[in-house]
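Engineer: Sequence isn't available, so here's the structure alone:
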């Protein structure tokens, strides 16, 4: 087996310690990460979408942030904003949560289309333009967006331009009976995530 194959297997096993019974989904998410693509995870709340994103970032020792999309979220809440510094008499850029290796855009379709559009540039070009100045994001860079079913209250359908930015679109699904029993009998996923040992650096 090649070094790459061994590393991929080790990463898969590390994530599976927290995300039980979803090997195919874990492997797809890792492929997406290694290709520096973006992942859209669709499903009802409570099936492990957020846990998958956190476990990926812990396995590769990457900086991760979570953006909770709500109807009142503004584009500047994602990208950051320039603030005038009276001491230097100049504007200083304060980066938003998009400046991380793995960004969890939680319930992305609860944000307005204007707010969703703040992700278009950075997902394609790996940079954010604020007031005409480009600001590159760290590499590797991956957006994992979760989406609730569109028939739920307070959701907006994602436009085609937004969907086009994602390399993969998967559904988590419910765990099988054996995995569900293991989850209920085992350690809470939050505690398990805190104890995860990184397999490799970002």
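Structural biologist: All right, it came through fine. In this text the structure is predicted, and so the values were computed from the model without any measurement.

Engineer: any idea how far the residue nearest to residue 113 when sequence neighbours are not counted is from residue 69?
Structural biologist: Excluding its sequence neighbours, the residue lying closest to residue 113 (C-beta to C-beta, 6 or more residues apart in numbering) is residue 156, at 6.0 Å. To be clear about C-beta, it is placed using only N, CA and C from the backbone, and glycine gets the same treatment. From residue 156 over to residue 69 the distance is 9 Å, taken as C-beta to C-beta, to the nearest Å.

Engineer: need the longest helix for the protein.
Structural biologist: What stands out as the longest helix in the chain, according to DSSP state H, is helix 3-16.

Engineer: What backbone torsions are found at residue 84?
Structural biologist: Backbone geometry at residue 84, expressed as degrees, to the nearest 10, gives phi -70, psi 130.

Engineer: ok, now how distant is it from residue 97?
Structural biologist: The spacing between residue 84 and residue 97, counted by C-beta to C-beta, is 22 Å.

Engineer: more neighbours, those two?
Structural biologist: Summary of the neighbour comparison: residue 84 and residue 97, criterion other C-beta atoms under 10 Å, with residue 97 having more neighbours (17 against 9).

Engineer: any residues in contact with both of residue 156 and residue 69?
Structural biologist: By C-beta atoms under 8 Å, 6 or more residues apart in numbering, residue 156 and residue 69 have these common neighbours: 109, 110, 111, 116.

Engineer: what's the longest helix of the chain packed up against?
Structural biologist: Counting contacts by 3 or more C-beta pairs under 8 Å, 6 or more residues apart in numbering; DSSP states H and E, helix 3-16 packs against helix 23-34, helix 49-59.

Engineer: Mind putting these into JSON lines with mean pLDDT and distance to residue 93?
Structural biologist: As requested, the helices and strands packed on helix 3-16 are exported to JSON lines (pLDDT from 0 to 100; distance: least, C-beta to C-beta, whole Å):
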{"stretch": "helix 23-34", "mean pLDDT": "90", "distance to residue 93": "27"}
{"stretch": "helix 49-59", "mean pLDDT": "84", "distance to residue 93": "24"}
